[in-house]
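Engineer: quick one, fold the following:
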Amino acid sequence: MLKYFISIFFFFVFVDGFSQKKENKELEKDTIVYKSPYGIRLGIDISKPILSSLSGSYSGFEIVGDYRITKRLFVAAELGFEEETDDEDYTNSTAKGSYLRLGINYNAYENWLDMNNEIFLGYRYGFSLFDQTLNSYTPNVNSTYFPANGITTPITASSLNAHWSELIVGIKVETIKNLFVSASVSYKILMSSKEPENFKTLYSPGFNTIFESSTGFGFNYTISYLIPFQKK
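Structural biologist: Below is the predicted model:
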């Protein structure tokens, strides 16, 4: 009888020890922390060279970059150059110059495990420095923006500038490790601009076409690569 109770005792001790080991392993598994890479991400907007090859009136390029400062927050910037010729009913003009946009992106997407994708909202302050050439002008009696006399000899206004704010929404997907494809749209609000004499600024590099409401729209399609410095 004593031998029987001793056997039962060791059986329960074994089962209890096995159960504790199993619980400890499950606890360790549940507490694994997946760290996200932090670093600088650099790339280009591939929509601009594509548009340059398709349109004889446009040429441009843009370098993009961001740096992760918290789990969801990124400092972002875009630097570029554009040349655009607008052919309107009464005017033909060319704007050419450089621009810089600075701001932040907020990632609203909750990634699974070690995924690193984004659905982001962003803000940018934009600044451009450019020249605008009025290539030709046909008088329009109702025009308040252009000279009263026709123009056939190009007139260039130099050192013009524009300042604006823009709101951005977009997605960013990691296709292979550290390589990202992104698409975004932006709504731009012109804050101020230096106008040339006798005619109006119709296009600003980085802002695009300036409507009468002093607003504009933009689109970006980028490929970028992340250079990770650390994981948190």
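Engineer: for this structure, which strand is longest?
Structural biologist: strand 155-176 (DSSP state E).
Engineer: buried ones in that strand, by neighbour count?
Structural biologist: 155, 157, 160, 162, 164, 166, 168, 170, 172, 174 (16 or more other CB atoms under 10 Å). Glycine gets a C-beta too; all of them are placed from N, C-alpha and C.
Engineer: for the fifth one, give me its contacts.
Structural biologist: It stands for Trp164. Under the criterion of CB atoms under 8 Å, 6 or more residues apart in numbering, the neighbours of Trp164 are 125-126, 188-191, 204, 207, 216.
Engineer: which of those residues count as buried?
Structural biologist: Of these, these count as buried by 16+ other CB under 10 Å: 126, 188, 190, 204, 207, 216.
Engineer: adding pLDDT, write the residues you listed out as CSV.
Structural biologist: Listed next are those as CSV, based on pLDDT from 0 to 100:
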residue, pLDDT
Gly126, 98
Lys188, 97
Leu190, 95
Ser204, 93
Phe207, 95
Gly216, 91
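Engineer: among the residues you listed, which one sits closest to Thr133?
Structural biologist: Ranked by distance to Thr133 (CB to CB), the buried ones among the contacts of Trp164 are led by Ser204 at 13.9 Å.
Engineer: what are the pairing partners of the longest strand of the chain, and which direction each?
Structural biologist: The pairing partners recorded for strand 155-176 under DSSP bridges are strand 118-137 (antiparallel), strand 179-193 (antiparallel).
Engineer: right, so of these, which gets closest to Lys48?
Structural biologist: Nearest of the strands paired with strand 155-176 to Lys48, taken as CB to CB: strand 179-193 at 13.6 Å.
Engineer: ok now that closest one, how far from the chain's centre?
Structural biologist: 6 Å (CA atoms, centre = their mean, to the nearest Å).
Engineer: find the nearest non-adjacent residue to Ser59, please.
Structural biologist: Ser52 (4.5 Å; CB to CB, 6 or more residues apart in numbering).
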